[in-house]
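Visitor: Got a sequence here, can you build the structure:
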Amino acid sequence: MADRPTAPRLRRLPLTAVLGREAPVAVGFRARLLGLARLDREEAGAGLLIPRCAGVHTFGMRFRLDLVFLDERGRPLSTRLSVPPRRLACFHGAAAVLEIPSGGWEAAR
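Guide: All right, here's what the predicted structure looks like:
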């Protein structure tokens with residue numbers, strides 16, 4: 001499994017296995033709203049799973065993200081690679097989004 005996040009706010013979240021990595025799950029309004037925003041790349045670890053989500057923003061990001069939109073079984077529906085800060089991304093019908101520091105998706109495949 002991939003690296004654990006070092007950011008305190010991510011370490012408090014429950015973990016789940018998704019696409020061959022162990023990632024924190026964004027539970028609660030604050031975790032869902034902030035995602036990986038305002039963190040340094042090293043603090044993000046393997047990323048963040050945001051359930052019940054079909055779209056995310058990258059406002060407040062300090063690094064680019066790879067976004068993987070997942071179906072209800074956790075299978076990839078669509079990916080957006082190297083999404084820069086200050087963007088919106090969505091995929092109609094997605095059940096969750098996995099936010100990964102850029103380069104993490106290709107490295108895991």
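
Visitor: Give me the below-cutoff pLDDT ranges for the chain.
Guide: Applying pLDDT under 70 to the chain flags residues 1-5, 106-109.

Visitor: Mind naming the longest strand for it?
Guide: Longest strand of the chain, by residue count under DSSP state E: strand 76-83.

Visitor: going on from it, what's the next piece of helix or strand?
Guide: strand 88-90 (DSSP states H and E).

Visitor: hmm, who's touching that following strand?
Guide: Here strand 88-90 makes contact (Cβ atoms under 8 Å, 6 or more residues apart in numbering) with 54-58, 67, 80, 83. All C-beta atoms are positioned from the backbone trio N, CA, C, and that covers glycine.

Visitor: What angle do strand 76-83 and the host helix or strand of residue 66 make with each other?
Guide: Secondary structure from DSSP H and E places residue 66 in strand 65-70. For strand 65-70 against strand 76-83, the angle by axes from the mean of the first three to the mean of the last three Cα atoms, to 10 degrees is 170 degrees.

Visitor: what helix or strand is the spatially most central residue of the chain on?
Guide: By Cα atoms, centre = their mean, the chain has its centre lying nearest to residue 99, at 1.7 Å. Using DSSP H and E, residue 99 maps to strand 96-101.

Visitor: Which neighbouring elements make contact with that strand?
Guide: In terms of contacts (3 or more Cβ pairs under 8 Å, 6 or more residues apart in numbering; DSSP states H and E), strand 96-101 is packed against strand 48-51, strand 55-57, strand 65-70.

Visitor: That'll do, ta.
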